[in-house]
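A.B. asks: Have a look; sequence and predicted model below, questions after that.
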Amino acid sequence: MVRSFTSAAIEREVLDRLLDLARRAPSAGFSQGTHFVVLEGASEATRFWDITLPASERSGFPWPQLLDAPVIVLPLADPAAYTSRYAEADKAATGLDDADRWPVPYWTIDTAMAVMLLLLAAHDEGLGALFFGVFREETALRAALGIPGRLVLLGAVALGWPGPSDAPGGSAVRRPRRPLADVVHRGGW
């Protein structure tokens, strides 16, 4: 995860290639309920930050070069795409035509997989990327961008060319990764 970017643009062809790869993520029932709102260029990215992190609150922000990312992608999951798909004849017997009947919200899982593909594809292109939550002003952001209320916003992805950073690392820099033996349970728990 990169928290420092230059403001250099990402070519449209490169960005489209990344998004095309991301849309190929697994999709339950091939429901394809993932959407991306893509904010490109300084003016669109600035609009995102002006809503979610107003200029008056940026003085203490520990990663100021994060705001230089030339692209912000908002991944959205559409539960209705899944319930509609599972109301079709070949899936109707599952009874999953109502979102409340899904034991796990696969629309968010599938969209999260699309985000992971986007992050990996960006890395392969030599770009930096950061997935982060949108914890403030989601309602205002949705209104400004015309995002339908039925869609679930998973967070945001900043994309751009990595820049120099003297900003402090997050807790992940200081915290060791769990050993494989603590994560993998072979043959059962």
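C.D. replies: All right, it came through fine.
A.B. asks: Can you name the element that comes right after the helix or strand bottoming out on mean pLDDT in the chain?
C.D. replies: Within the chain, no helix or strand scores below helix 171-174, which has a mean of 66 by mean pLDDT, DSSP states H and E. Going down the chain from helix 171-174, the next helix or strand is helix 180-183, by DSSP states H and E.
A.B. asks: pull the CA atoms of that following helix into PDB?
C.D. replies: Extracted C-alpha coordinates of helix 180-183, given in PDB (Å, rounded to 0.1, in the frame of the first residue of the first chain):
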ATOM      1  CA  LEU A 180       2.100 -19.300   8.400                       C
ATOM      2  CA  ALA A 181       1.600 -21.900  11.100                       C
ATOM      3  CA  ASP A 182      -0.700 -19.500  12.900                       C
ATOM      4  CA  VAL A 183      -2.900 -19.000   9.800                       C
END
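A.B. asks: That one - what's its average pLDDT?
C.D. replies: What helix 180-183 shows for mean pLDDT is 95.
A.B. asks: What of stretch 28-35?
C.D. replies: For stretch 28-35, the per-residue pLDDT averages 96.
A.B. asks: mind starting the numbering at 144 from now?
C.D. replies: Yep, numbering from 144; the last one is stretch 171-178 now.
A.B. asks: mind checking pLDDT for Arg318?
C.D. replies: So Arg318 comes in at 83 (pLDDT).
A.B. asks: how close does it sit to Gly276?
C.D. replies: Distance, Arg318 to Gly276, using CB to CB, to the nearest Å: 19 Å. No exception for glycine: its C-beta is placed from N, CA and C like everyone else's.
A.B. asks: Ala212 too?
C.D. replies: Taking CB to CB, one finds Ala212 at 16 Å from Gly276.
A.B. asks: What of His178?
C.D. replies: Counting by CB to CB, the gap from His178 to Gly276 is 18 Å.
A.B. asks: list the buried ones in stretch 191-207?
C.D. replies: Buried residues in stretch 191-207, defined by neighbour count with 16 or more other CB atoms under 10 Å: 191-192, 194-195, 206.
A.B. asks: ok, now stretch 279-288?
C.D. replies: 280, 284-285.
A.B. asks: ok, those residues vs Arg228, which is closest?
C.D. replies: Relative to Arg228, the closest of those is Arg285; by CB to CB it sits at 24.1 Å.
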